[in-house]
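Can you look at this prediction? I've put the sequence above it.
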Amino acid sequence: MKKKILLVDDESGFTKMVKLNLESTGKYTVIEENDGQKALSAAHRNRPDFVFLDVVMPGIDGGEVAAAMRRDRVLRDVPIVFLTAIVSRSEAASTDSIGGFPFLSKPISLKEMTECIEAHIGP
Amino acid sequence: MAQRRRSTPNHSGRAQETLRVLLVGGKPEEVYLLRELLVDHGAFHFELDRCASAARARTASKTRLPDLILLSSPGAGKSRDAAVKRIRSEFPALPLILLGGRKEERFAYRAIQQGAQDFLLREQLESQLLVRTIHHAIERGRIKARLAAETNLMRVLLECLPDPIYFKDRESRFIRISSRLAKLFNLQSAADAIGKSDFDFFPEQVARPFYEDEQRIMRTGKPLIDQVQDEKYLDGETAVVVVTKMPLRDDAGRIIGTFGISHDVTDFKRMEERLETERNILRSLIENVPDVIFVKDREGRYIADNVAHRRVLRVKAEADMLGRTALDFFPESDARKFHEQDIEIMRSGETVLGREELVSDARGERRWNSTTKAPMRNAQGEVVGLVGIRHDIHDRVVAQEALREANADLQRSHRELQAAQMHLIEAEKLQSVGRLAAGIAHEVKNPLATIKMGLEFLSQQAMPAESPARGVIDEMSEAINRADRVIRELLDFSSARKLNLAPVEINTLIDRSLWLVNHEFRAAKIEVVRNLTRHLPEVRVDPLKIEQVLVNVFINAAHAMPAGGRVEIRTLLSEGGGTRKPHDEGDRSGVKARASGSAVVIEVRDTGPGVKQEELAKLFDPFFTTKPTGKGTGLGLTVARKIIELHNGMIDIRNHPMGGAVVTITLDVRGSKTSGK
C-alpha cells in the first residue's frame, strides 16, 4: 500500500513537481495543499503517513500547522519535516531542527526527499 | 704804534733810550745850539735832524721816524698855522713842541689847541728845560696812544660783541652798556642808558633781584659767575641768559660799582629742554615697558638696560649691570650662543627680528622669549654695539603647544570616530544586504526548488540516451545548483551573527579545513606545506565559522593557482603584540587593534600571481570578485572578515615580496566576545 504524503507549500508549482516526482517512484500518494488552513482539514480527512511543511506561508504558517497537528489526538504522531528556503548552510550545519522539527533546505533533490521519508517511516 | 725802542749802552753800562728829534724850520745854526742843549740826560740819548719846512718833514722822516717834532718859528701869519696843521695831520701820533719868541705866544696858543704839546720861549731855552719838556711830551704822547688803543679795544668790545655788557655805579645805575644791550633796551644809543637802572627796563620783580645781587656783590666782593636766569623785558619778551656779574674796582681796589656780561642761551635752553623732554619720554618708556631692553657694546658688555631686564636677572641697580656680560648672568652655553648671535649681528649689520628662543631667568627657569636685536651705530655709521628687546612669550607658547596637542588629540579622536563611523556604516550596510539577501533567498529558492523538481522529473522520463535534451537538462541542473550556491552564501553572510564559542586547537581546525578542500587542491595539483607551531594555546572561537573562513581562504588560493602551485600554512604565537599588525595597504580589517595580549596568527601564502594593487582595497567589499563568472560570488571574503571581526580578530591580505598573496588571520588568545551581535 502506497504511503500517503501530505505536502504543504504555498508554491503550487513546487507541490506539483514534487507530487509528479514522488508519485513516479510508485511508492507514494501525494496530497498537495497550498494553504495552511486547508492543509489541516486535508490532514484530518486523509490521515497522511508523513507531512512535508513549508515554514513561511501566508495565513497560517508552517509552524502553526505543525503545532495544531501536535495538539491533535489523531494527528499528533504523524512525522513532520519542514521545508525551508531561508536556512543558511552554516545554520543548517549547526542545527538540525526548527522548533524541534527536522527540516530540509530548499532547493532539494528527490533523493534527499525519499531518504528523508524513509528515515522516518521506513521504505 | 710801531715805535722801536733803540737802546745803546752808556758809560755806566745801563741801557739808554735813544730819542730822535726832528727840527722843522728855524735857522740852520739853531741845530748847533740845540745839539749842545740836548746832552745825554740820564736814561736818554738824543739825536737831532733838521728839515727846512713842514712840507719837507715827511721826506726827512722817511729813513728815520722821529719820536718828536720841534717846530721852530715857521714863518709868519697864516703859513705858521698851516704848518702846524700839516704836521698834525701827517704825524698825528708824534708829540709836537713849538719853539718861538714872545711875539709868537698867540700863535702858540692856537697850535696847542690844534694838538701841539708845548711852547718853549727861545730866549729862556736851557738844556734841562728842553730835555724835560721833550721827555714829558713823548711820555704824554705814548700814554695818549696807549689810551687810544685801550679805548678802541673797549669800544670794539662794547659795540661788536653780541653779548650784552654793562658797567654800573654803586647805585646800580648804568655807566656804560654795550650796543647789544642798548638794542635790547630799545635805545637809540648806548649813551642813553647812562644814569638809568634795571628798573627802567625791567618789571620790578625782575629788576629787584638784579639790584640785590649787585648790592651783595659790592658788599661782599664776591662775583656771580655763570648764573642761569630768566629775563623778562618790559615789552613782554623773555629770555634765558647766563649771567656773570663782578665787582667794579678803581685803581686803588675800591669797589665803585659792578659790571657784568650775559649770554643769551634761550635757543640752547629750549633745545636742551626739548632734548630733556624727549630723553625723559624715552627713558620712562624704556624703564616702564614690561619687555626686557638692553644695550651692549662691541665686546658684549652691558652699557644700558631697563628695570625689566634687571628684574629678570635679579640685579638691583643699573650700575651693577654696567660692564658685565651675559656670561655673568646666563648659563655658559646660553651666554656663548648669545655672544655668537651678537657678533653675527654686528658683523652683518642686520637686525634679527623676533627670534623665538628659550632663555633662563635668574631662578634658572627656562622660558620662551621673542628676541629682537639691532646693531647700534655711531654718528659715522659704524656699528658700536647692539640694542636688544626681549619679550616673554612663554605662556603663549605653552598655550599654543597645549592647543596644538589638544588639536592633535581632537584630530586623533576625530579619525577614530570616523573609522568607527565607517565601521558602523559598513556593518549597517552589510546588515541591510543581509536582510535583503534573506528576502531574496526565500523568493528565489522556491522557484528554484520547483524547477529542480521539474528537471528531476524530466530527467527520469524515458528518452534516447543520445537525445540532446539530456544535455539541456544537465546544463539546467548545473545552473540551478549555481544559483543555489549564491543564495546559500548570501544567507550565510546575512546570518553570520551568532557565535557558538568553544576552546579550539587552531592547528586541528586547519587540518579539518584542509581535509574539506583536499579534493580541490589535488585536482589543481597544489602542494600543501604545513608549517604549524606545536602546543599553541587554545583559542575560544566558533569552530564551524572559523572553518568556513579557512575553507574560503584555501579555495581562493586554489583558484589563484589553476595550473598548480604551493600553499604554505604557518601558525605562530604572537606575544604582547595582540592583534596589532603592521599597517599596510592590504590591511582592511578596520578593527581597532588591542594594546596587549598574545594572539594566534595563521598565515596562508600561495604562489599565485598575487593581488593587483588597485584591487587590494576592494577585496573585502561585498560582491567584489576577481574570479571568472560562475566561480565566485564576491561574498566569500566579506563573510570571512565578518566572522573574524565577530571574533575580535583581524584578517589581512598582502602581496608577498617574493610573489603570491599572503592572508594573515590573527585571533586573540584571551578570547572573543562571548556572544556576537
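Perfect, thanks for sending it.

ok, now which ones touch the residue of chain B most remote from its centre?
Distance from the C-alpha centroid of chain B, by C-alpha atoms, centre = their mean, peaks at B:Ala462 (108.8 Å). For B:Ala462, the contact set (C-beta atoms under 8 Å, 6 or more residues apart in numbering or on different chains) is empty. For every residue, glycine as well, the C-beta is placed using N, CA and C.

That one belongs to a strand?
No - B:Ala462: not assigned to a strand; according to DSSP: H, G, I helix; E, B strand; the rest coil it is coil.

which SSE is the residue in the stretch 51-200 of chain B positioned nearest to chain A in?
Nearest residue of the stretch 51-200 of chain B to chain A: B:Pro162, at 121.4 Å (C-beta to the nearest C-beta). B:Pro162 belongs to no helix or strand when assigned by DSSP states H and E.

Need the per-residue pLDDT for residue 95.
No chain was given, so I picked chain A. pLDDT for A:Thr95: 59.

you looked at the wrong chain, it should be chain B
pLDDT recorded at B:Pro95 is 90.

Looks like it contacts B:Ile69 (just checking).
Yes - between B:Pro95 and B:Ile69 there is a contact at 7.5 Å, judged by C-beta atoms under 8 Å.

looking at chain B, which helix or strand is least sure?
Every helix and strand in chain B was compared by mean pLDDT, DSSP states H and E; the lowest is strand B:6-9, with a mean of 54.

go on, chain A?
For chain A, counting by mean pLDDT, DSSP H and E, helix A:89-94 ranks last in confidence among helices and strands (a mean of 56).

So the helix or strand hosting B:Leu403, near chain A or not?
Taking DSSP H and E as the definition, B:Leu403 sits inside helix B:394-460. Yes - interface with chain A: helix B:394-460 contributes B:438, B:441-442, B:445-454, B:456-457, B:460 (C-beta under 8 Å from any C-beta of the partner chain).

Tell me the helices and strands packed up against that helix.
helix A:12-24, strand B:366-377, helix B:468-495 (3 or more C-beta pairs under 8 Å, 6 or more residues apart in numbering or on different chains; DSSP states H and E).

Quick one: the helices in chain A, in order.
A:12-24, A:36-46, A:62-71, A:89-94, A:110-121 (DSSP state H).

okay, those helices, which one's buried deepest?
Mean neighbour count (mean count of other C-beta atoms under 10 Å in any protein chain shown) peaks for helix A:12-24 among these, with a mean of 20.

Who are the packing partners of that helix?
Using 3+ C-beta pairs under 8 Å, 6+ apart: helix A:12-24 touches strand A:3-8, strand A:28-33, helix A:110-121, helix B:394-460.

Any chance of CSV for the ones you listed, columns mean pLDDT and distance to B:Ala308?
Converted to CSV, the helices and strands packed on helix A:12-24 look like this (pLDDT from 0 to 100; distance: least, C-beta to C-beta, whole Å):
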stretch, mean pLDDT, distance to B:Ala308
strand A:3-8, 94, 99
strand A:28-33, 94, 102
helix A:110-121, 92, 96
helix B:394-460, 83, 14
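
and the ones you listed as CSV, adding distance to A:Ser41?
Shown next, in CSV, are the helices and strands packed on helix A:12-24 (distance: least, C-beta to C-beta, whole Å):
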stretch, distance to A:Ser41
strand A:3-8, 11
strand A:28-33, 9
helix A:110-121, 22
helix B:394-460, 23
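
Deepest-packed of those, please.
Among these, strand A:3-8 has the highest mean neighbour count (mean count of other C-beta under 10 Å), at a mean of 23.

who touches that strand?
With C-beta under 8 Å, 6+ apart, strand A:3-8 has contacts from A:15, A:18-19, A:22, A:27-36, A:39, A:42-43, A:46-54, A:57, A:62, A:65, A:117, A:121.

picking that back up, angle of the helix holding B:Leu403 against helix A:12-24?
Angle of helix B:394-460 versus helix A:12-24, following axes from the mean of the first three to the mean of the last three C-alpha atoms, to 10 degrees, is 40 degrees.

Need the winner for burial among the helices and strands packed on helix B:394-460.
helix A:12-24 (a mean of 20).

Can you check what angle separates that one from helix A:110-121?
Going by the same axes, to 10 degrees, helix A:12-24 makes 70 degrees with helix A:110-121.

ok, residues contacting helix A:12-24?
So helix A:12-24 is contacted by A:5, A:7-9, A:28-30, A:32-34, A:52, A:110, A:113-114, B:446-447, B:449-450, B:453-454, B:456-457, B:460 (C-beta under 8 Å, 6+ apart).

Show the contacting residues for B:Met321.
B:294, B:302, B:305, B:309-310, B:313, B:315.

Lowest pLDDT pick from those residues?
B:Leu313 (85).
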